[in-house]
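Asks: predicted coordinates and the sequence they were generated for:
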Amino acid sequence: ETAERKGSSAAREFCRKHYLSFPTIKMIRDLKSNTVRELSVSGFVDPNNAGFQNRNDGVSAILQAAICAGLYPNVATRQRGDVNFSTMTNKKAKVHVSSVNGFRGQTLYEKCQVRKGDMQFIVFGELVKGVRTFTMSQTTHLHSPLPILLFCGNLHVRGSFQDEGESGDESNSYSILSVDDWISFRCPSIVASHVVMLRKRLSLLFDKFVRTTSLKDFDPYERALLSTTCSCLVSCFEEYNAKVSSRHK
């Protein structure tokens, strides 16, 4: 929008420089305007107004979480050494060559380099069947699985367990968090408990917001809950960036 204020040619040059489709960006802008109008008519706050609802404007971690929540179950994963991603329906797929993530040198284009035991996540808009394999378009590299645990599907917890040879100390116990019986995460039981509690409280807060359509009805504890959630998302996002930076030094 900033480039377009300088003229159509400036907007097209911006899209060309950043490997974006000008018609697609225009369509997204129009869709955004329509969504804003519908939200305003429905009684929700106007997203264009600066205020509490826009305090995380420009924060990539929050944007990734919103994209993940909106596109789920269009999520795929892969492990160290894999070239293809695996979707929830066990379809093998690659990033589409038209995607900005599909260029040589991009993390999602190369063979997966995460640590052994870790997983790499991608969110996609569309899965297209090709001659030999499936391809994913409108892709976003999800730096952390936390948005999946907090905002997506049905979360189940199993535990707590003890590794063989470990003492009965609660600090040594672990639990299994699973989303839609699709993907499972092992974590300390205390962490699993906090994630489940945070998700439940967020769900209740979302239901309240839908009923009241007003942020003014949030009490200090509910606002603190939102701030805590944002801090957790940003922390996980920055931790990933720090790991990537350390590997390239």
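Replies: Received it, and whenever you're ready, just let me know what you need.

Asks: quick check on residue 68: phi, psi?
Replies: Residue 68 adopts backbone torsions of phi -60, psi -50, taken as degrees, to the nearest 10.

Asks: so it touches residue 147, yeah?
Replies: Yes: using Cβ atoms under 8 Å as the test, residue 68 is close enough to residue 147 to be in contact (4.1 Å). Any C-beta I mention is one placed from the backbone N, CA and C, and that applies to glycine too.

Asks: those helices in the protein, which residues are they?
Replies: All helices of the chain, identified by DSSP state H, fall at 8-17, 22-41, 60-71, 146-151, 189-212, 220-247.

Asks: of all those, which lies closest to residue 115?
Replies: helix 220-247 (8.6 Å; Cβ to Cβ).

Asks: what about the closest one, distance to the chain center?
Replies: In terms of Cα atoms, centre = their mean, to the nearest Å, the centre of helix 220-247 is found 12 Å from the chain centre.

Asks: tell me the mean pLDDT over it?
Replies: When pLDDT is averaged over helix 220-247, the result is 87.

Asks: quick check: buried residues in that helix?
Replies: Within helix 220-247, the residues scored as buried using 16 or more other Cβ atoms under 10 Å are 222, 225-226, 229-230, 232-234, 236-237, 240.

Asks: which elements pack onto it?
Replies: The contact analysis (3 or more Cβ pairs under 8 Å, 6 or more residues apart in numbering; DSSP states H and E) places helix 220-247 against helix 60-71, helix 146-151, helix 189-212.

Asks: coming back round to it: any idea which of the helices of the chain is most buried?
Replies: helix 146-151 (a mean of 22; mean count of other Cβ atoms under 10 Å).
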